[in-house]
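[1] 3D, please:
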Amino acid sequence: MLDVTVIEDAEAAAVSLDPIRARLLAELAAGPASAAMLAGKVGLPRQKVNYHLKALERHGLVELAGERRKGNVTERLMRATAASYVISPLALAAVQPDPDRFRDQLSARWLLALGARLVRDVGSLITGAAKARKRLATYALDGEVTFASAADRAAFIEELTAGVGALIRKYHDGDAEGGRPHRIVVAVHPTVKPEAADAAAAVEAAH
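    Model prediction:
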């Protein structure tokens, strides 16, 4: 099972967002189970669970883990193909964010558009690498810093911009034969407090 995988197809995204199917995905991420085993956990008849499982299987979100005999019946044990899923902006191709439409380094919405493009591009690279059975070379840096003041934050941004810019100028070689372009995204934003994230999830669930 993969730790995380990307959903690029609009129909697969719609299937995964159905509350019942999302619950089934969560259950199957914890371990293989049959429709009968899942029925009691989600409070639905086995036939209804089977219907949802088949929809998830058609879109590659779950897969057959094995079979077992139970009396005169052969049960299919299903498992999730990943522990978690990310929906790519490609699933909403016509309205996906485009950070090239405007550039504002101090705009939270531009940062969001950059993040969406990152999800889209890395998701596509993962899909292509998997099909080619090749390893994808990536790097990510994640950290947290507490600024004593807004002035310190502004100074940090200025030094970060200058430092990264200097590295880009040092190593960029647009004329290198066989060179491969790489995109660099550096983001700074306030840390989201766990209670705020939980509150947002609760509001979404209420709707």
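[2] burial count for residue 85?
    19 (other C-beta atoms under 10 Å). Where you see a C-beta, it was placed from the backbone N, CA and C, and this is true even at glycine.
[3] Could you verify that residue 78 is part of a helix?
    No: looking at residue 78 with DSSP: H, G, I helix; E, B strand; the rest coil, it is strand, so not inside a helix.
[4] Roughly how far does the spatially closest residue to it that is not a sequence neighbour sit from residue 179?
    Leaving aside its chain neighbours, residue 78 sits nearest to residue 62 (4.9 Å; criterion: C-beta to C-beta, 6 or more residues apart in numbering). As judged by C-beta to C-beta, to the nearest Å, residue 62 and residue 179 stand 41 Å apart.
[5] likewise residue 186?
    Distance, residue 186 to residue 179, by C-beta to C-beta: 21 Å.
[6] Can you read off the pLDDT for the residue nearest the centre of the chain?
    Closest to where the C-alpha atoms of the chain average out (C-alpha atoms, centre = their mean) is residue 86, at 2.3 Å. Looking at residue 86, its pLDDT is 94.
[7] Is it bridged to anything, and to what?
    residue 6 (DSSP bridges).
[8] So which elements touch the helix of greatest length in the chain?
    Taking DSSP state H as the criterion, the chain has its longest helix at helix 108-132. Helix 108-132 sits against strand 5-7, with contacts defined as 3 or more C-beta pairs under 8 Å, 6 or more residues apart in numbering; DSSP states H and E.
[9] Quick one: mean pLDDT for the strand it packs on?
    The pLDDT scores in strand 5-7 average 93.
[10] roughly how far is stretch 60-69 from the heart of the chain?
    The chain centroid and the centroid of stretch 60-69 are separated by 23 Å under C-alpha atoms, centre = their mean, to the nearest Å.
[11] Which positions within that stretch qualify as buried?
    Judged by neighbour count (16 or more other C-beta atoms under 10 Å), stretch 60-69 contains these buried residues: 61, 62, 65.
[12] quick one: the residue nearest to the centre of the chain and residue 194, what's the gap?
    Applying C-beta to C-beta to residue 86 and residue 194 gives a distance of 20 Å.
[13] Could you do residue 99 as well?
    Between residue 99 and residue 194 the computed distance is 28 Å (C-beta to C-beta).
[14] okay, these two: which has more neighbours?
    More crowded of residue 99 and residue 194, by other C-beta under 10 Å: residue 99, with 19 against 8.
[15] Name the nearest residue to that one, ignoring sequence neighbours.
    Distance criterion C-beta to C-beta, 6+ apart; nearest residue to residue 99, sequence neighbours excluded, is residue 113 at 4.0 Å.
[16] Right, I'll leave it there.
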